[in-house]
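Visitor: Can you look at this prediction? I've put the sequence above it.
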Amino acid sequence: MRLSRFFLPILKEAPREADIASHRLMLRAGMLRQQSAGIYTLLPLGLRVLNKVCAIVREEQNRSGAIELLMPTIQSADLWRESGRYEDYGKEMLRIKDRHERDMLYGPTNEEMITEIFRAYVRSYKDLPLNLYHLQLKFRDEVRPRFGLMRGREFLMKDAYSFDIDQDSARHSYNKMFVAYLRTFARLGLKSIPMVADTGPIGGNLSHEFIILASTGESEVFCHKDYLDFPVPAADVNFDDVSGLQGIVDKWTSLYAATSEKHDAAAYAQVPADRQVSARGIEVGHIFYFGTKYSEPMKAIVAGPDGADRPVHMGSYGIGPTRLVAALIEAFHDDAGIKWPEQVAPFKVSILNLKQGDAATDGASESIYRELTAKGVDVLYDDLDQRPGSKFATADLIGVPYQVLVGPKGLAAGTLEVKKRADGSRENLSPAATVDLLSR
Ligand code: ATP
Ligand code: MG
């Protein structure tokens, strides 16, 4: 992508409305635009990151055996009357009427709708277990939308819903998501800690929140420090191995970890003092097992092996991809801007032509841009007619992992300078070695 043809509305000044680094940097780096309180447009740079986050979320959902579909954002109130949640949900739910005066709503979550889909098609234990998920916008009229994508009113969610014949099998479905979540956040470059959680309006009796430690997090959390060094299950983890998965979950729940709502000061006091972590955290995922809470009132009934009908056991599992984009910036930034981990970076490389209009730098920049692009590398080529200082500032701000500096001095010596955004390290390489390094 040539910067001259991209849409990257960088802001020079730090916007006053932003209180935390991720919100400020997303606005400055031309990733995000507020349309109303808590409602945002993702500008092209922001969307590129969100798409990468979603791709990793999808890969790990698919690996665990979940199947993707797409449900609508607008739901009928009648569905929610069946579960009893239409009245219960309160002001967070945006209620609307269509032209025929029918009560509709913009979905804050999809338990009712997925239960309706399930009961329309599935009758027998032979079709179980089943886990269906989607990535879809949600609307929750939060009392205090703030911190940009961190707490929006409209936001993207990955929500998965599992269906099982009984509690034991539902526990295995829960464990699959638990492990998939550990892998998802680790692949994004984040250390997540599963914490015992309240079930809130979703209801149920088994639930964990996945928390990223961050000073700007909205949750107050307490945990054992060893979690930060626990190894995450590898890609070849066998999701069908019931006791193997239970072992992983047991290990990841063996030490103390709770958010303030579930905090047990006496239990926490048992953690050795030098292992206690009392910090703030960001909730990036939340999983629930809630048994027959929806299947009973909504009559999602399946026949078991004995031929007898029974309500199906369900769980639901959320991840906030838009919140994750913000959480990633909270974890990876410095005073100059964002420092994206490579796997979620909007581009892998930016080429900075330090003397636009100069035959030598133009030629070298063009050729390295073409070579890297041909090798499938995501490259942003800063071909604007601007001073080097301003190009450096833009590159640091938007946080692309590798910067290739193409200047007349280096070229005279046959080299380009490659700067790593993560640690600021630099090396001089020939154009061929640069292509080699960056296309690995
Ligand atoms: P919170 O406690 O932060 O309000 P929640 O418990 O209401 O979240 P869930 O219903 O568990 O949220 O939603 C699943 C996931 O969706 C959360 O773990 C979070 O990552 C994301 N999420 C929830 N609310 C928001 C929001 N207002 N803005 C952005 N992401 C959100
Ligand atoms: Mg939650």
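Guide: Received the coordinates, thanks. Numbering: from 1, shown residues only. Ligands and ions are numbered 1, 2, ... in the order given.
Visitor: Can you give me the domain boundaries for the protein?
Guide: For the chain, automatic domain parsing gives the domain ranges 3-338, 347-438.
Visitor: and the protein, which residues reach ligand 1?
Guide: Within the chain, the residues that sit near ligand 1 (C-beta under 6 Å from any ligand atom) are 109, 140, 142, 151-152, 155, 157, 200, 283-286, 318-320, 322-323. Yep, even glycine has a C-beta here, placed from its N, CA and C like the rest.
Visitor: chain center to stretch 170-187, what's the gap?
Guide: Its chain's C-alpha centre and that of stretch 170-187 lie 14 Å apart, by C-alpha atoms, centre = their mean, to the nearest Å.
Visitor: That stretch: which residues count as buried?
Guide: 170-187 (16 or more other C-beta atoms under 10 Å).
Visitor: distance of the residue nearest to the spatial centre of the chain from V49?
Guide: In the chain, the residue lying closest to the centroid (C-alpha atoms, centre = their mean) is P321, at 3.0 Å. Distance of P321 to V49, given as C-beta to C-beta, to the nearest Å: 10 Å.
Visitor: Same question for R140.
Guide: Noted for R140: a distance of 22 Å to V49, by C-beta to C-beta.
Visitor: For the chain, give me the ranges with low pLDDT.
Guide: Counting by pLDDT under 70, the chain contains low-confidence residues at 200-205.
Visitor: what about the closest residue in space to L190 that isn't next to it in sequence, how many residues close to it?
Guide: Distance criterion C-beta to C-beta, 6 or more residues apart in numbering; nearest residue to L190, sequence neighbours excluded, is I212 at 5.2 Å. Other residues near I212 come to 24 when the count uses other C-beta atoms under 10 Å.
Visitor: Which strand residues bridge S76?
Guide: Assessed by DSSP bridges, S76 has beta-bridge partners M104.
Visitor: If you tally nearby residues, what's the number for it?
Guide: 18.
Visitor: what does the one 10 residues further on give?
Guide: In terms of burial, Y86 registers 18 neighbours under the definition other C-beta under 10 Å.
Visitor: Show me what the longest strand belonging to the chain pairs with in its sheet, parallel or antiparallel.
Guide: The single longest strand within the chain, with elements called by DSSP state E, is strand 276-291. Sheet pairing here is set by DSSP bridges, and for strand 276-291 it gives strand 206-213 (antiparallel), strand 219-224 (antiparallel), strand 313-319 (antiparallel).
Visitor: Most tightly packed of the ones you listed?
Guide: Highest mean neighbour count of these: strand 313-319, a mean of 26 (counted as mean count of other C-beta atoms under 10 Å).
Visitor: picking up where we left off before, neighbour count winner among R140 and V49?
Guide: Shown here are R140 and V49; by other C-beta under 10 Å, V49 has more neighbours (25 against 22).
Visitor: So I287 is in contact with T253, correct?
Guide: No: I287 lies out of contact with T253 (C-beta atoms under 8 Å); the separation is 12.0 Å.
Visitor: how about the nearest residue to I20 once chain neighbours are set aside, what does it touch?
Guide: Among residues not flanking I20 along the chain, T216 sits closest, at 4.5 Å (C-beta to C-beta, 6+ apart). T216 makes contact with 20-22, 147, 280, 282, 330, according to C-beta atoms under 8 Å, 6 or more residues apart in numbering.
Visitor: Next, the buried residues of stretch 414-421.
Guide: For stretch 414-421, a neighbour-count test (16+ other C-beta under 10 Å) marks 415-419, 421 as buried.
Visitor: Adding secondary structure, write those residues out as JSON lines.
Guide: Below are the buried residues of stretch 414-421 laid out as JSON lines (DSSP: H, G, I helix; E, B strand; the rest coil):
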{"residue": "T415", "secondary structure": "coil"}
{"residue": "L416", "secondary structure": "strand"}
{"residue": "E417", "secondary structure": "strand"}
{"residue": "V418", "secondary structure": "strand"}
{"residue": "K419", "secondary structure": "strand"}
{"residue": "R421", "secondary structure": "coil"}
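Visitor: Closest one to ligand 1 out of the residues you listed, please.
Guide: Nearest to ligand 1 among the buried residues of stretch 414-421, counting by C-beta to the nearest ligand atom, is R421 at 26.3 Å.
Visitor: secondary structure class for P231?
Guide: Under three-state DSSP, P231 falls in the coil class.
Visitor: cool, K299 as well?
Guide: Three-state call for K299 (three-state DSSP): coil.
Visitor: And the helices in this protein?
Guide: Assigned helices in the chain, in chain order: 21-28, 44-63, 77-83, 85-88, 111-121, 167-187, 242-252, 265-269, 321-331, 359-374, 388-398, 408-412, 431-438 (criterion: DSSP state H).
Visitor: Leaving out chain neighbours, which residue sits closest to the closest residue to ligand 1 within the stretch 101-250 of the chain?
Guide: Nearest residue of the stretch 101-250 of the chain to ligand 1 (C-beta to the nearest ligand atom) works out as F155 at 3.6 Å. Nearest residue to F155, sequence neighbours excluded (C-beta to C-beta, 6+ apart): T322, at 4.7 Å.
Visitor: That neighbour and Q403, how far apart?
Guide: For T322 relative to Q403 (C-beta to C-beta), the value is 27 Å.
Visitor: quick one, which of the two is more surrounded?
Guide: Neighbours per residue (other C-beta under 10 Å) separate T322 from Q403, with T322 holding more: 24 against 21.
Visitor: give me every residue that touches the more buried one.
Guide: For T322, the residues meeting the contact criterion (C-beta under 8 Å, 6+ apart) are 42, 50, 149, 152, 155-156.
Visitor: and the gap between it and D127?
Guide: For T322, the distance to D127 - C-beta to C-beta - is 33 Å.
Visitor: quick one on the thing from earlier: report the beta-bridge partners for the residue of the stretch 101-250 of the chain closest to ligand 1.
Guide: Under the criterion used (DSSP bridges), F155 bridges to K138.
Visitor: Buried ones in the longest strand of the chain, by neighbour count?
Guide: Those would be 276-277, 279, 281-291, for strand 276-291 by 16+ other C-beta under 10 Å.
Visitor: Can I get these in TSV including distance to W340?
Guide: Converted to TSV, the buried residues of strand 276-291 look like this (distance: C-beta to C-beta, whole Å):
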residue	distance to W340
Q276	32
V277	26
A279	24
G281	21
I282	17
E283	22
V284	17
G285	20
H286	25
I287	27
F288	31
Y289	35
F290	36
G291	41
